[in-house]
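Asks: model the structure of this input:
(chains A and B)
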Amino acid sequence: MPMLRSLKSKDLLGVKELSPDEIHLILETATGFKEVLGRDIKKVPALRGKTVVNLFFEPSTRTKTSFELAEKRLSTDVLNFSVPTSSVVKGESLYDTIKTIEAYGVDFVVIRHSFSGAPYFIARNVRASVINAGDGVHEHPTQALLDAFTIQEKKGGFSGIEVAIVGDILHSRVAKSNIHALSMLGAKVRLIGPPTLMPPHIPEGVRVFYDMDDGLNGVDVIMMLRIQMERQGKGFFPSTQEYFRYWGLNLRRLNGAKKDAIVMHPGPMNRGIEITSDVADSPQSVILDQVTNGIAVRMAVMYLLAGERA
Amino acid sequence: MKILIMNGHIIDPAQGFDGIGDIVIEGRKIKEVRRQEAPRRLTQESEKCDDSGTRIIDAAGMFVLPGLVDMHTHLREPGFEYKETIRTGTLAAVRGGFTSVCCMPNTNPVNDNETVTEFILRKTYAEGACFVYPVGAITKGQRGEELAEMGMMKEVGCVAFSDDGHPVMNSLIMRRALEYSRMLHVPIISHCEDMSLSDGGVMNEGAVSALLGLRGIPDAAEEVMIARDIILSKLTRGRLHIAHASTKGSVALIRKAKADGIPVTAETCPHYFSITEDAVKGYNTNAKVNPPLRTQEDVEAVKEGLRDATIDVIATDHAPHHRDEKLQEFDKALFGISGIETALSLSLGLVQEGVLSMSQLVEKMALNPARILGIGKGSLVAGSDADVVLVDVTRDFRIEAARFVSLGKNTPFDGWMAKGAPLTVIVKGKIFEAESTAAPLRDGDCRK
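Replies: Numbers count the residues shown, from 1 in each chain, chains lettered A, B, ... in the order given. Coordinates of the predicted model:
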C-alpha cells in the first residue's frame, strides 16, 4: 500500500481541476488497488466506517456498478439512493435532497446528473467529498482517469502517443475529460467526426479530422464514442447508414492505424453503428480491460479523497 | 472526328482569350485554341469537309464561347415527365447553348438519396443530349426536418445540395446542413423565401398587386432569408450559394457579405433583369414565377450586381410546366418560366447595354458556375471536353414559344426580338444545329 498522500481538493469534480501530479498519484494508487482485485479476498479495510451515497439521476450500468463495487472493496458502507422512488418525484429540490443526505453524516457523495455543473453545486453546499460520476455534457473525470490508466498499462506511458477520439465530441463529457487528461499527460489528441458534432471551440494542440481514414493514420489509441440515435432527428447526421459509412470503425479502418493500436470505448456500444463486432471483439480491443480498471481507479480516487481529511 | 472552327471571335476568360482564332477539336476534346493572323475564307466545295475528313465550321462574324453551364434547371424527371423529361430538357438546354446543366431535386420521388441520383445519371447516359450534374436535396423529401444522405449522394455524383422549390425554414437544420457540407466541399444552394412572409402570395407585393387584387410577396420574404443564410454561412464557414436573387435589398446583402469575406456566391435569372411586375398585368400566368418579377428599381440593382460581380452567375431556373397548369386563374397557375432556350439571347442584351462585356457574360454563364460547382467546365483550354457554342449576334431572332424544344412553352418572352442566339452547339464533340436539334447524343458518356 502506498504512503497515505492526498488530493488538494475535498472533491473530484473535473479533470481540469486536477494537476498532472495529482493524476499521476491517482494512477499510481490505482495500480496498487488493481493488485487487490486479483486476490481471492477482494477487500481492504481502508475506508471502513466511512459512508458513501450513490446519487444517480441518470441511468447507468457501468459507472454505477463500478463505483458500488469499488466502495465495497474499500469496506465503505454504501447507500444507493434510488431517484425514481425518492421524494425527488414529489418535486423535492436537489438542495433539500443533499442537505437531508448530509444530515445523515455521509462522507462521500457520488453524483451523476443530467445538468452540467450539478456536482459543483452540491460540493459547495455539503461538507462531504463529492465525486462527479458524469454531469450533463461537462465532465466524467473517473472515466478519463480509467482511460488514462488503461493507456498507460498498454502503451507504457503518454509521451508521443497519438490518441484519436471518434464520434459525437460535441455532446460527450467523456471526450471532454479525456481531452483535458491526455493533454496534461503529454499525449497528442485528435478528434474525428462529422463537422456537426465538433465542439464550437477546439483546444489548442488538438487536430480535427472529418475524414476518418486520414484521421486514423499513425494513431496508437482509438477511443470510440457512442452515437445517440436521437441526434439524427436534430440534423447532426442524415442516417445511421451514412454515419457508419464515414465514421464507423471496421477492420479496414483499424488496419489504417498503427499496427499495435488499441481500441477503447466507454460503453455502452452500438454494434454496427460506430463500431463493428469484429473490431469490438478483436485482440486489439481493450474495452473490457477498461471496465476492470474502472474499479481500481475509483478505489484510488476515494482512498485519496479520504486521506485528505485523515 | 476532327472539327476545325475557323474565323470565330473566341471568348474564353479562363485563359484570357478574347479575339479571332481557330479551335481544333479531336474526338471529344479540344485539342488547340490558336490566334488567327488573317481570316481565311472557305470555298463553296470545301465548305464542310477537307481532305483529312475534318469537319470545317466557318464561324466568321460569330462569337465562339465555351459551352454554357446552367447551375439551376428543373428537368422534372422522375415523376413529372408530362412537363419535361431528361431527354427533352437537355435538348432544350443544347438549343439554348448550354452543354452542362444541374437538375434540381424537386422530382417525384425527391432526389434525396443515391438511388434517385443514380437513376437520373443513367437516364442521362441513355437519352441525355448534354452533361447533367444532379443537385441533391438538403433534407429528406425536402420536408426541412432531417438531413438527407449528402455524403452518399455526393459519392454517386451530386455536385451541390438544395431544397429548391422550397426554403429550409428551420434555421437549426440549415445550420447543420451548412456545417455538414463543409466536409464535402460542395455549396449549399439556398432558395431564400420566408414562407411565413410570402404567405400564399402570387406576385410581387406593390402597386401592381394592389391594382390587380392579387396577394403579394414582399421583398422582405426573400431578404430575411438571405440575411439569415449569410449569417449562418458566417457562423459555420459553410459555402452558401444564393439562388435566383431578385431584389435590390438582396443584392445589397450579398455585396456586404462578400465584403466581409463570408463564403457566399449568388445567381440571378434573365427574367430578373429583363422584365418587371408590369408583365403580370392582364393576369398573364406566364409571368408568374417564384421569386416574383419585381420593380424597375430591382431590375437596375440586379444589373448593377452583375456588373460589379456581386452576382456571380446567370442561371435559368428553367421551370417547364404543362399548358394546363398555366391555363388557369392566376392564383391557381403554377410558378415558373421555361427559360433555358431564351437565357443566352436575353443575357446578350446586357452586353448590348454595356452592363457586361462578352468576356464577363461568359464568366457569368459558363466559367463561374463551373468553378462554384468544382466541375471542369466553362473553358476552351486545350484538353477540355469539346463543349462549344457558336453565337450569332448579327441578326435579330424572334422568340417563338411554339418552336421551343422544351415541353414547357410557358414564357413571358414569346414574340420578343432578341439580338443574338446560339446557332451551333457542340457537346463533347457532337454537333447540334440549333434549328434542328432532334437526335439525342449516342456516342459516349455525358456524365463525366
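Asks: pLDDT at A:Phe158, what is it?
Replies: In this prediction, A:Phe158 carries a pLDDT score of 97.
Asks: helix, strand or coil for it?
Replies: The three-state assignment at A:Phe158 reads coil, by DSSP: H, G, I helix; E, B strand; the rest coil.
Asks: look up how far A:Asn178 lies from it.
Replies: For A:Phe158, the distance to A:Asn178 equals 12 Å [C-beta to C-beta, to the nearest Å]. Placement of C-beta: from N, CA and C, glycine included.
Asks: strands of the stretch 201-350 of chain B, start to end?
Replies: Ranges of strands in the stretch 201-350 of chain B, per DSSP state E, counting those that start in this stretch, are B:203-204, B:216-217, B:240-242, B:264-268, B:313-314.
Asks: can you list residues touching both of A:Phe158 and A:Asn178?
Replies: In terms of C-beta atoms under 8 Å, 6 or more residues apart in numbering or on different chains, A:Phe158 and A:Asn178 are both contacted by the residues A:Ala148.
Asks: which one's more surrounded, the two?
Replies: For A:Phe158 and A:Asn178, the more surrounded residue by other C-beta atoms under 10 Å in any protein chain shown is A:Asn178, and the numbers stand at 31 against 21.
Asks: for the closest residue to the more buried one other than its chain neighbours, give me its contacts.
Replies: Excluding the flanking residues, the one nearest A:Asn178 by C-beta to C-beta, 6 or more residues apart in numbering or on different chains is A:Ala144, at 4.6 Å. A:Ala144 makes contacts with A:15, A:174, A:177-178, A:180-182, as judged by C-beta under 8 Å, 6+ apart.
Asks: swap the cut-off to 7 Å and go again
Replies: Residues in contact with A:Ala144 (C-beta atoms under 7 Å, 6 or more residues apart in numbering or on different chains) are A:15, A:177-178, A:180-181.
Asks: what about the residues you listed, which are in strands?
Replies: Among these, none falls in strands (DSSP state E).
Asks: can I have the buried ones of those residues as a PyMOL selection?
Replies: One line in PyMOL is enough to select the buried ones among the contacts of A:Ala144; burial here means 16 or more other C-beta atoms under 10 Å in any protein chain shown:
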select buried, chain A and resi 15+177+178+180+181
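Asks: can you list the contacts of A:Ala144 in JSON lines and add pLDDT and distance to A:Val88?
Replies: What follows is those, written out as JSON lines (pLDDT from 0 to 100; distance: C-beta to C-beta, whole Å):
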{"residue": "A:Val15", "pLDDT": "97", "distance to A:Val88": "28"}
{"residue": "A:Ser177", "pLDDT": "98", "distance to A:Val88": "26"}
{"residue": "A:Asn178", "pLDDT": "98", "distance to A:Val88": "30"}
{"residue": "A:His180", "pLDDT": "97", "distance to A:Val88": "30"}
{"residue": "A:Ala181", "pLDDT": "98", "distance to A:Val88": "32"}
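Asks: ok, so of the contacts of A:Ala144, who is nearest B:Pro369?
Replies: For the contacts of A:Ala144, the minimum distance to B:Pro369 (C-beta to C-beta) is 45.0 Å, reached by A:Asn178.
Asks: the closest one touches A:Ile165, doesn't it?
Replies: Yes - contact criterion C-beta atoms under 7 Å: A:Asn178 and A:Ile165 qualify, at 6.3 Å.
Asks: who touches both of those two?
Replies: A:Met223.
Asks: which SS class is B:Thr99?
Replies: Classification of B:Thr99 by three-state DSSP places it in strand.
Asks: what number of residues lie near it?
Replies: Counted with other C-beta under 10 Å, the neighbours of B:Thr99 add up to 29.
Asks: hmm, it is touching B:Cys130, no?
Replies: Yes - the pair B:Thr99 / B:Cys130 is scored as a contact, 4.9 Å apart, by C-beta under 7 Å.
Asks: mutual contacts of those two, please.
Replies: What both B:Thr99 and B:Cys130 touch, as defined by C-beta under 7 Å, 6+ apart, is the set B:Val427.
Asks: just the pLDDT for the residue of the stretch 251-400 of chain B found nearest chain A.
Replies: Closest to chain A within the stretch 251-400 of chain B is B:Pro263: 14.0 Å, counting by C-beta to the nearest C-beta. The per-residue pLDDT reported for B:Pro263 equals 97.
Asks: which residues touch it?
Replies: So B:Pro263 contacts B:233, B:237, B:239-240 (C-beta under 7 Å, 6+ apart).
Asks: neighbour-wise, which one of those leads?
Replies: B:Leu240 (27 neighbours).
Asks: nearest residue to B:Arg255 other than its sequence neighbours?
Replies: Per C-beta to C-beta, 6+ apart, closest to B:Arg255 is B:Thr310, 4.4 Å.
Asks: ok, now B:Ile337?
Replies: The shortest distance from B:Ile337 to any non-neighbouring residue, by C-beta to C-beta, 6+ apart, is to B:Val289 (5.1 Å).
Asks: can you tell me how far that neighbour sits from B:Ile138?
Replies: Applying C-beta to C-beta, the value for B:Val289 to B:Ile138 is 22 Å.
Asks: which of the two has more residues huddled nearby?
Replies: Legend: neighbour count by other C-beta under 10 Å for B:Val289 and B:Ile138, higher for B:Ile138 (33 against 26).
Asks: was I right about the more buried one contacting B:Ala177?
Replies: Yes - the pair B:Ile138 / B:Ala177 is scored as a contact, 4.8 Å apart, by C-beta under 7 Å.
Asks: shared neighbours, the two?
Replies: Residues touching both B:Ile138 and B:Ala177 (C-beta under 7 Å, 6+ apart) are B:147, B:168, B:188.
Asks: and the closest residue to the last one other than its chain neighbours, what pLDDT?
Replies: The shortest distance from B:Ile188 to any residue other than its chain neighbours is 5.1 Å, reached at B:Ser181 (C-beta to C-beta, 6+ apart). Looking at B:Ser181, its pLDDT is 97.
Asks: how about the strands of the stretch 201-350 of chain B in TSV, adding distance to B:Cys158?
Replies: Listed next are the strands of the stretch 201-350 of chain B as TSV, based on distance: least, C-beta to C-beta, whole Å:
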stretch	distance to B:Cys158
strand B:203-204	32
strand B:216-217	29
strand B:240-242	14
strand B:264-268	18
strand B:313-314	18
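Asks: any idea of the mean pLDDT in stretch B:126-135?
Replies: 97.
Asks: can you mark which positions in that stretch are buried?
Replies: B:127-135.
Asks: do stretch B:202-222 as well
Replies: Result for stretch B:202-222 [16+ other C-beta under 10 Å]: buried residues B:202-206, B:208-209, B:212, B:214, B:216-219, B:221-222.
Asks: and what of stretch B:158-175?
Replies: Using 16+ other C-beta under 10 Å as the test for burial, stretch B:158-175 gives B:158-168, B:173-175.
Asks: then stretch B:92-105?
Replies: B:92-105.
Asks: tell me where the model's unsure across the stretch 51-200 of chain A.
Replies: Judged by pLDDT under 70, the stretch 51-200 of chain A has no weakly predicted residues.
Asks: and the helices in it, which stretches?
Replies: A:62-73, A:94-103, A:118-125, A:141-155, A:173-185 (DSSP state H, counting those that start in this stretch).
Asks: got the residues of chain B near chain A?
Replies: Within chain B, the positions adjacent to chain A are B:146-152, B:172-173, B:176, B:179-180, B:182-183 by C-beta under 7 Å from any C-beta of the partner chain.
Asks: make a markdown table from those and add secondary structure and distance to A:Ala70 to it.
Replies: Output for the residues of chain B next to chain A, formatted as a markdown table (DSSP: H, G, I helix; E, B strand; the rest coil; distance: C-beta to C-beta, whole Å):
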| residue | secondary structure | distance to A:Ala70 |
| --- | --- | --- |
| B:Glu146 | coil | 42 |
| B:Leu147 | strand | 42 |
| B:Ala148 | coil | 46 |
| B:Glu149 | coil | 44 |
| B:Met150 | helix | 45 |
| B:Gly151 | helix | 42 |
| B:Met152 | helix | 45 |
| B:Leu172 | helix | 41 |
| B:Ile173 | helix | 44 |
| B:Arg176 | helix | 40 |
| B:Glu179 | helix | 40 |
| B:Tyr180 | helix | 41 |
| B:Arg182 | helix | 43 |
| B:Met183 | coil | 41 |
